[in-house]
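Peer 1: Show me the folded form of this:
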Amino acid sequence: MLKTISAKNVHYTVDGKNILQGVSFKCTQNERLCIFGENGAGKSTLLKIVCGEILPDDGSVERQGHIRFIYVPQEFGRKYEENTIEEYIKENAGESLYKKVFLNGTKLGFDLEKHKDKYCGSLSGGQQKILALSVAFACAPDFILLDEPENHLDIVSRKELVDLMSNFRGGIIFISHDRLVIDATATKIAELAQGLMTITEGVYEDYIDMKMKNLGGRQRAYDAESKRIKQLSKSVVILQQKAIRGKDIAGYRKAKAELEELKAKHRQSGRPEEGQTKIKISTTNQALHSGKLLWRMTDGAYKYDDVPAYIFDKTDLEIRAGNKVVLLGRNGAGKSTFLKCVTGGLELKKGEAGWGNEVSWSYFDQHASFSLSATAIEVVMHELRCGESQAQAALGAMKLDSLRMKIPSGQLSGGERMRIRFAIAFGKKPDLIILDEPTNHIDEITWEILLTACRETKSAILLVTHDYEFIQEFEPSFFWMFKNHKIVTRHKEIDVLLEEMR
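Peer 2: From the prediction side, this is the model:
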């Protein structure tokens, strides 16, 4: 009999807020269950309950059979920061598995054996994640629980992670936002939203199909509720006047209670996303001069003063109007440093870099922040220095409805707040849009919205992402690839370039 992990009617509350409201699922040893949902939906909390780190308020987690499992959290454990890599492996895997751990590390892009005397606290986030994953898969437990395993991994490492997950013989319960990981490994999808879980049997495409159908149904239900609220609102006013005169008081109270309950439900559920996620971006005045030179670097080089080696050297690049460019590089190659050189945050040590005449550009930074008390319209008006109608148009292009635009942004979901940032980047209608890892931690609807915006805008785009599926759908004009401390222009297929980067 296959071993099984089951969650049954799990409830969990934090500070009076219901995070999980009767969540149930089952994962057998031959399955790959992906838990999907917005940031803050309770995915990590649920995984911690499954592995026993947190006790639920109600409900239970049952394990059928004697089950060995390993939990790899989103971030590396602080308690191991003073341990060396070798000590970590010895404690969590044992000396007999050294070779398997080292082999996994090499596949994922970090030579653990060579650096075994390094302290875990001195490693980068990507190196820590590779260490934890290498140990987990080498131990070959019955189940592995992974919280965003692709976090901190570059695009090559993510493809190797998919290989490890695909060849693993046990069950996997994992949280992920990466379509490559989900598409290639998941056998069923569990979406967590508003404390409830919806499970789709089958691969990711089946989930997307079901999601679109559900959105259509939810929209119809939402519209029906809206109509009923309007009817009840009129009835309550009439019944209130009767009740004041001492007539039909019971009818008034019943109608008023129904109205209040329906309004509360309506507010909590929110307006569903439109089933059709295609959008139209206004392109007026964007990149009017086809082929116009936007930015050029000639014999460019940069290094930090306290480090002898150049991060990149002898680099010749240019972007012209309409180009769609993807910057590829392993973690630590220097992509962020290069972007600072492009935007003027850092000055080249050698060579020249500069913008063409009257070129405008915008920069999307996933870590940028804005006031959570301000509405989306206020944020966009401030950032774009524009009027309300232009701000509404920019937000509407990102599928944010008029009601959501006018409430404090802190009350919006993580995906909706990300769309505000996209509205700012695209709403400026610049010649060049620089997107620094825009696909991190976004839901599937926002993913589609961003992709369509990238396809339909006439602005040139310089994109940094580790999302393989997004790059394929984005269809870049060409790639810039870090190689031997240079950044070279390449016109080959993404799979060929990834092989070269291994």
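
Peer 1: Where does the prediction get shaky in the stretch 301-450 of the chain?
Peer 2: 366 (pLDDT under 70).

Peer 1: Quick check: bridge partners of Lys486?
Peer 2: With DSSP bridges as the criterion, Lys486 is bridged to Lys483.

Peer 1: domain assignment for the protein?
Peer 2: 4-207, 215-269, 293-374+408-501 (automatic domain parsing).

Peer 1: Mind putting those domains into a markdown table with distance to Cys386?
Peer 2: Heads up, the C-betas are built off the backbone N, CA and C, glycines and all. Formatted as a markdown table, the domains of the chain follow (distance: least, Cβ to Cβ, whole Å):
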| stretch | distance to Cys386 |
| --- | --- |
| domain 4-207 | 28 |
| domain 215-269 | 29 |
| domain 293-374+408-501 | 8 |
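
Peer 1: Lowest average confidence across the ones you listed, which one?
Peer 2: Lowest mean pLDDT within those: domain 215-269, a mean of 63.

Peer 1: I'd like to know which of the domains of the chain is closest to Met398.
Peer 2: Smallest distance to Met398 across those (Cβ to Cβ): 4.0 Å, for domain 293-374+408-501.

Peer 1: Confirm for me that Ala321 is in contact with Leu294.
Peer 2: Yes - shown here, Ala321 and Leu294 form a contact pair, counting by Cβ atoms under 8 Å, at 6.2 Å.

Peer 1: Now the common contact residues for these two.
Peer 2: Applying Cβ atoms under 8 Å, 6 or more residues apart in numbering, one finds that Ala321 and Leu294 are jointly contacted by Asp431, Ala460.

Peer 1: And those two? Which one has more around it.
Peer 2: The neighbour count for Ala321 versus Leu294, taken as other Cβ atoms under 10 Å, is higher for Leu294 (24 against 20).

Peer 1: Neighbouring strands - and their directions - for the helix or strand harbouring that one?
Peer 2: Using DSSP states H and E, Leu294 sits in strand 293-302. Next to strand 293-302 in the sheet, as set by DSSP bridges, lie strand 312-320 (antiparallel), strand 350-355 (antiparallel).

Peer 1: Any chance of these in a markdown table with distance to Glu62 as columns?
Peer 2: Output for these, formatted as a markdown table (distance: least, Cβ to Cβ, whole Å):
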| stretch | distance to Glu62 |
| --- | --- |
| strand 312-320 | 54 |
| strand 350-355 | 60 |
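
Peer 1: tell me the most buried of those strands?
Peer 2: strand 312-320 (a mean of 20; mean count of other Cβ atoms under 10 Å).

Peer 1: so how far is that strand off the chain centroid?
Peer 2: 30 Å (Cα atoms, centre = their mean, to the nearest Å).

Peer 1: go on, stretch 319-327?
Peer 2: 23 Å.

Peer 1: hmm, who's touching it?
Peer 2: 287, 289-296, 335, 338-339, 431-432, 454, 458, 460-465, 471, 474-482, 487.

Peer 1: Could you list the alpha-carbon positions for it in PDB?
Peer 2: C-alpha atoms of stretch 319-327 as PDB (Å, rounded to 0.1, in the frame of the first residue of the first chain):
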ATOM      1  CA  ILE A 319      19.600  48.400 -27.700                       C
ATOM      2  CA  ARG A 320      17.400  49.800 -30.400                       C
ATOM      3  CA  ALA A 321      13.700  50.700 -30.500                       C
ATOM      4  CA  GLY A 322      11.500  47.600 -30.500                       C
ATOM      5  CA  ASN A 323      14.200  45.200 -29.300                       C
ATOM      6  CA  LYS A 324      13.100  42.600 -26.700                       C
ATOM      7  CA  VAL A 325      16.300  41.500 -24.900                       C
ATOM      8  CA  VAL A 326      16.700  38.900 -22.100                       C
ATOM      9  CA  LEU A 327      19.800  39.100 -19.900                       C
END
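
Peer 1: I'd like the distance between Leu55 and Gly37.
Peer 2: For Leu55, the distance to Gly37 equals 22 Å [Cβ to Cβ, to the nearest Å].

Peer 1: of those two, who's got more company?
Peer 2: Under the criterion of other Cβ under 10 Å, the comparison of Leu55 against Gly37 puts Gly37 first, with 22 against 10.

Peer 1: And for the more buried one, nearest residue in space, chain neighbours not counted?
Peer 2: Among residues not flanking Gly37 along the chain, Leu192 sits closest, at 3.8 Å (Cβ to Cβ, 6 or more residues apart in numbering).

Peer 1: likewise Ala184?
Peer 2: Val162 (4.6 Å).

Peer 1: burial of that neighbour, as a residue count?
Peer 2: Val162: 20 neighbours (other Cβ under 10 Å).

Peer 1: so it touches Ile182, yeah?
Peer 2: No - contact between Val162 and Ile182 fails when scored by Cβ under 8 Å: they sit 9.7 Å apart.

Peer 1: Tell me who's in contact with the spatially most central residue of the chain.
Peer 2: In the chain, the centroid-proximal residue (Cα atoms, centre = their mean) is His441; its distance is 1.6 Å. His441 makes contacts with Asn39, His177, Gln366, Gly414, Met418, as judged by Cβ under 8 Å, 6+ apart.

Peer 1: Compare those and tell me which is most surrounded.
Peer 2: Within the contacts of His441, Met418 tops the neighbour count with 25 neighbours, counted by other Cβ under 10 Å.

Peer 1: Backbone torsions only: list them for that residue.
Peer 2: Backbone torsions for Met418, taken as degrees, to the nearest 10, come to phi -70, psi -30.

Peer 1: OK, contacts around it?
Peer 2: Gln366, Pro438, His441, Ile442, Thr446.

Peer 1: How far away from the center of its chain is the strand holding Leu294?
Peer 2: Distance of strand 293-302 from the chain centroid (Cα atoms, centre = their mean) equals 31 Å.

Peer 1: Output that strand as CSV - backbone C-alpha positions only.
Peer 2: Provided in CSV are the C-alpha atoms of strand 293-302 (Å, rounded to 0.1, in the frame of the first residue of the first chain):
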residue,chain,number,x,y,z
LEU,A,293,19.4,53.8,-31.0
LEU,A,294,18.3,53.8,-27.3
TRP,A,295,21.4,52.8,-25.4
ARG,A,296,25.0,51.7,-26.2
MET,A,297,28.0,50.4,-24.4
THR,A,298,31.4,50.4,-26.0
ASP,A,299,34.3,48.4,-24.5
GLY,A,300,32.6,48.6,-21.2
ALA,A,301,34.1,47.2,-18.0
TYR,A,302,33.3,47.3,-14.3
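
Peer 1: can you give me the strands for the stretch 1-150 of the chain?
Peer 2: For the stretch 1-150 of the chain, the strands defined by DSSP state E, counting those that start in this stretch cover 4-14, 17-28, 32-36, 58-64, 69-72, 143-147.

Peer 1: Make a markdown table out of the ones you listed and add distance to Ala394.
Peer 2: Formatted as a markdown table, the strands of the stretch 1-150 of the chain follow (distance: least, Cβ to Cβ, whole Å):
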| stretch | distance to Ala394 |
| --- | --- |
| strand 4-14 | 34 |
| strand 17-28 | 31 |
| strand 32-36 | 28 |
| strand 58-64 | 43 |
| strand 69-72 | 39 |
| strand 143-147 | 34 |
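
Peer 1: Leaving out the residues flanking it, which one is nearest to Phe364?
Peer 2: Spatial nearest neighbour of Phe364, excluding adjacent residues (Cβ to Cβ, 6+ apart): Ala425 at 4.3 Å.

Peer 1: same thing with Lys492?
Peer 2: Counting by Cβ to Cβ, 6+ apart, Lys492 lies nearest to Phe479, which is 7.6 Å off, once chain neighbours are set aside.

Peer 1: If anything else comes up later, I'll come back, but that's it for now.
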